[in-house]
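>>> Predicted coordinates and the sequence they were generated for:
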Amino acid sequence: MRRAGLAIIFAATVTACAPLEGESTGGATVAGPALQASLRAEPGEFKLSQHRVVRVVFSLVNTSRRQLRLDFPTGQHLEVALRSPGGRRIFLWSEDRNFAPEASSVVVNPGERLEYEAEVPTREMVAGGIYAVEASLPGYPATVSTICLAPD
C-alpha cells in the first residue's frame, strides 16, 4: 500500500512540472511563431540551506522578420509563479509590487532579445521536492515557459 501511495505522489509531482503544449523545460524554447521564450534558474541546482532565493531569467527572442509590438494594460511586463509539488501556487512575483496604471508597450526588432529577471524565494520549499516555476508576459499566454526546481 505504501509503495502505491508513493507512486501516486510521484506521478502527481511529475505531472505538475511536466511542460504543457507550447511550454518548455530547462531552457528549451516555446511560444508562438514570432516569439521564442526560455526560462532558466541561477543556480539550477542548489541546497536550500545555502540559498534564500533563486534568480530566474526569462528570455524572449523575436524570431520573425518583422518588428513586434507588445502592448500591456499596465507597467507590468512579467509574471512569475512558483508551484508546490502538488501544483498549489505558493509564490506570485507581482503580488507585492505596484505597477504604473498606465498602458505600456515594448517594441522588439527582428532577432532582438528581451530579458526579465526575478527572484523566487525558497522559504516554502522542502529538500527533495519538485517545484514548477512559470514565467510569462501578462496577456500573452503563448509566452508561458516552465522549468522545474528540485532543491537538495
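Good, I have the coordinates.
>>> any idea how far Pro101 is from Pro73?
9 Å (C-beta to C-beta, to the nearest Å). For the C-beta atoms, the positions are set from N, CA and C on the backbone; glycine is no exception.
>>> Revised request: answer the last question for Arg52.
32 Å.
>>> same deal with Ile130?
Using C-beta to C-beta, Ile130 is found at 33 Å from Pro73.
>>> So between those two, which is more surrounded?
The neighbour comparison of Ile130 against Pro73 (other C-beta atoms under 10 Å) goes to Ile130, with 17 against 12.
>>> Quick check, pLDDT for the more buried one.
pLDDT, Ile130: 96.
>>> What of the one 4 residues further on?
Model confidence at Glu134, given as pLDDT, is 98.
>>> burial of it, as a residue count?
Residues near Glu134, counting by other C-beta under 10 Å: 21.
>>> Go ahead and confirm it touches Ala81.
Yes - judged on C-beta atoms under 8 Å, Glu134 makes contact with Ala81 at a distance of 4.8 Å.
>>> For Ser105, give me phi and psi.
Dihedral pair for Ser105: phi -150, psi 160, per degrees, to the nearest 10.
>>> quick one: which helix or strand includes the residue nearest to it when sequence neighbours are not counted?
Excluding the flanking residues, the one nearest Ser105 by C-beta to C-beta, 6 or more residues apart in numbering is Asp71, at 4.7 Å. If you go by DSSP states H and E, Asp71 is part of strand 68-72.
>>> Need the residues that contact that strand.
34-35, 62, 77, 103-108, 137-140 (C-beta atoms under 8 Å, 6 or more residues apart in numbering).
>>> and after the least confident helix or strand in the chain by mean pLDDT, which helix or strand comes next?
Of all helical and strand segments in the chain, the minimum by mean pLDDT, DSSP states H and E falls on helix 2-17, at a mean of 43. For helix 2-17, the following helix or strand on the C-terminal side (DSSP H and E) is strand 35-42.
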